[in-house]
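Peer 1: here's my sequence, what's the structure:
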Amino acid sequence: MEQAENIRFLRKRGQFTQKDFADLFNVKRAHILDLERGKVKLSQDLALNIAEYFGISLIWLLYGKGSMYDCAAAAEKALESSNVSEPSIPYNIETDDPDIRAVVRLMEGLPEEKKKSILEFCKDKKLLDDLQKERMNKGAG
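Peer 2: Numbering: from 1, shown residues only. Next comes the predicted model:
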């Protein structure tokens, strides 16, 4: 039922009606209804389109695992238009986490106000992840 809950969560969070959500992704409203009821599973194409539109992790969307937001993908996308060429981790941060490495790499070439915006986003992301975990724990309990 993870997919059904995640689709409904995204739709409501975006303040879309089922029809608006269906129109956005070129499917019928009945298909969104069936997805939200858990009667059908997401197709690969639809899952990819939804994940890309909302900037979320495909793994989270399909299985409810990991972080809802795909920070590494978002950071890499932003890097495409930046002038940062070599990845490095300042402040002696040693990590294999691709999300952290990508965000740090992105931040290196940005002005101070942009860095502050990213840090605020990360705080908001943690809050949203914590709320999502709480919602999932309530559903399991």
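Peer 1: list the buried residues of the helix or strand harbouring I59.
Peer 2: Secondary structure from DSSP states H and E places I59 in helix 58-63. Burial within helix 58-63, assessed by neighbour count using 16 or more other CB atoms under 10 Å, is assigned to L58, W60, L61, L62. To be clear about C-beta, it is placed using only N, CA and C from the backbone, and glycine gets the same treatment.
Peer 1: L48: which element?
Peer 2: Assigned by DSSP H and E, L48 falls within helix 44-54.
Peer 1: list the contacts of that helix.
Peer 2: Residues lying outside helix 44-54 but in contact with it, judged by CB atoms under 8 Å, 6 or more residues apart in numbering, are 7, 10, 14, 24-25, 27, 42, 56-58, 61-62, 70.
Peer 1: over to stretch 26-34?
Peer 2: Counting by CB under 8 Å, 6+ apart, stretch 26-34 makes contact with I7, R11, Q18, K19, F21, A22, V40, L46, all of which sit outside it.
Peer 1: go with 10 Å
Peer 2: Residues lying outside stretch 26-34 but in contact with it, judged by CB atoms under 10 Å, 6 or more residues apart in numbering, are 4, 7-8, 11, 16-25, 35, 39-43, 45-46, 49.
Peer 1: thinking again about what came up before, and which of the buried residues of helix 58-63 is nearest K114?
Peer 2: Closest approach between the buried residues of helix 58-63 and K114, by CB to CB: W60, at 26.0 Å.
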